[in-house]
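Novice: Pasting a predicted model and its sequence here:
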Amino acid sequence: MATSTPMSTPVDDGSPDLIGATLPGGFLIRRHVAEGSMGHVYEARGPDGQRAAVKVLHRSLMKKPDVAFRFRHEAELLDAVKSPFVPKLLARGRDEHGRPFQVIEFVDGEELNSILGERVVLPYREAIAIAIQMCRALAVAHAAGIVHRDMKPENVIVDGYPDDPKVKVLDFSVSKEADLAFTQTGVILGTPSYMPPEQARGDDVTPLVDVYAVGAILYDMLVGRPPFEADEPGKVLANLLTREPPRPRDLNPNVSRAAEAVVMRAIARKPEDRYPSMAALIDALEKLSEETARQSLVSTLPPPPSPPPVDEGTKSFASVDGGQAKSFSSGGTWWRTAVILFVLVALGVVAALASTRFLG
């Protein structure tokens, strides 16, 4: 295993100081990508040339046991969740200054939040496809006993949008294992716009909080806003705990009734009224996807052939006589019939007169 290259004295957390360094495992830091509340993110190259993302914890947070534990625990959770919809953990350890780091698969694409900002409302097919992939990532996490707890558009990376969107779910830093309660009941972790009422109250969480969050994100994709919004997080929480969200069709009439039903069940206020598992939500979303595909197929079928042109002289009309429909012709046909009838009647009259004279 490679040793880290000599580095200068670490600078303040606000400035990247790892560019050009090689971390244990042979990961060469190429550039600084972003800074978050917990640390820095860099792009690196592995010993095999593979692109990787490196997350390094802020030095100022190393002495906070809960934060440091959460950072380490996230790496363990990533290692436990084996899914094509979750980035792979490639390595973890400490840099030469003792700061914990984790190396994960580099994910191309953009945050779902950015896509929503550009498009406001996503096309129906793409929104459902993205939601299904989020569910698949979380279903694997739930099977491993892990609840994400902070699903939101910022934690969903989408590559290949809109032609063939591929999803990766990020940030398991506030996730919770079923057998490991490292946060206290009564402590709120998550994002108010996408969390369910029980999480907002600080109650213990179950996988159904993630069911709610996926439903809330799908709501956002279909109507252009989350179920509850306000200018302050506290107001969002108050609305979440005391009000019902608008129905999606009230905000976007183009949302189908079937899609609205799926969303409203996913974000039901009571956990027992939601889909009981990610598998059940996936099933409902796949049915929506199949229905969308059928409708798309019908809309792309060629129109039926036009009927042959009708001769105005033989166009049919219907009249109703005592409830019975009769047809006769227009144009050049009806007057010919009338003339024939007139001639026949005239001949009958002449014949009658001749018979009277003969007998007389």
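Specialist: Yes, it's here.

Novice: Show the average pLDDT along stretch 226-235.
Specialist: For stretch 226-235, mean pLDDT rounds to 92.

Novice: distance between stretch 204-216 and the chain's centre?
Specialist: 15 Å (C-alpha atoms, centre = their mean, to the nearest Å).

Novice: quick one: contacts of that stretch?
Specialist: Applying C-beta atoms under 8 Å, 6 or more residues apart in numbering, the contact partners of stretch 204-216 are 131, 134-135, 138, 141-142, 147-152, 176, 181, 185, 190, 193-196, 198-199, 226-227, 262-263, 265-268, 271, 274-278, 281. C-betas here are computed from N, CA, C, even on glycine.

Novice: Take those residues and keep only those in helices.
Specialist: Taking DSSP state H as the definition of helices, these contribute 131, 134-135, 138, 141-142, 198-199, 262-263, 265-266, 278, 281.

Novice: any chance of the residues you listed in a markdown table, plus pLDDT, distance to residue 75 and neighbour count?
Specialist: Formatted as a markdown table, the ones in helices among the contacts of stretch 204-216 follow (pLDDT from 0 to 100; distance: C-beta to C-beta, whole Å; neighbours: other C-beta atoms under 10 Å):
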| residue | pLDDT | distance to residue 75 | neighbour count |
| --- | --- | --- | --- |
| 131 | 98 | 27 | 27 |
| 134 | 98 | 21 | 29 |
| 135 | 98 | 24 | 30 |
| 138 | 98 | 18 | 27 |
| 141 | 95 | 14 | 26 |
| 142 | 96 | 19 | 22 |
| 198 | 96 | 28 | 17 |
| 199 | 94 | 24 | 25 |
| 262 | 98 | 34 | 21 |
| 263 | 98 | 33 | 28 |
| 265 | 98 | 34 | 16 |
| 266 | 98 | 30 | 27 |
| 278 | 98 | 23 | 23 |
| 281 | 98 | 28 | 26 |
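
Novice: Residue 294: which of those is nearest?
Specialist: residue 262 (16.5 Å; C-beta to C-beta).

Novice: Need the pLDDT of the residue nearest to that closest one when sequence neighbours are not counted.
Specialist: Excluding its sequence neighbours, the residue lying closest to residue 262 (C-beta to C-beta, 6 or more residues apart in numbering) is residue 284, at 4.9 Å. We have a pLDDT of 98 for residue 284.

Novice: Doesn't residue 284 belong to a helix?
Specialist: Yes: applying DSSP: H, G, I helix; E, B strand; the rest coil, one finds residue 284 inside a helix.

Novice: What is the burial count for it?
Specialist: 19 (other C-beta atoms under 10 Å).

Novice: mind listing what it touches?
Specialist: 262, 265, 275.

Novice: Tell me if I'm right that the second one and residue 276 touch.
Specialist: No: counting by C-beta atoms under 8 Å, no contact exists between residue 265 and residue 276, whose distance comes to 10.5 Å.

Novice: And the residue nearest to residue 262, how close does it get to residue 271?
Specialist: 17 Å (C-beta to C-beta, to the nearest Å).

Novice: Please apply the same query to residue 121.
Specialist: In terms of C-beta to C-beta, residue 121 sits 28 Å off from residue 271.

Novice: same question, residue 286
Specialist: Taken as C-beta to C-beta, the span from residue 286 to residue 271 is 23 Å.

Novice: So which of these two has more stuff around it?
Specialist: residue 271 (18 against 13).
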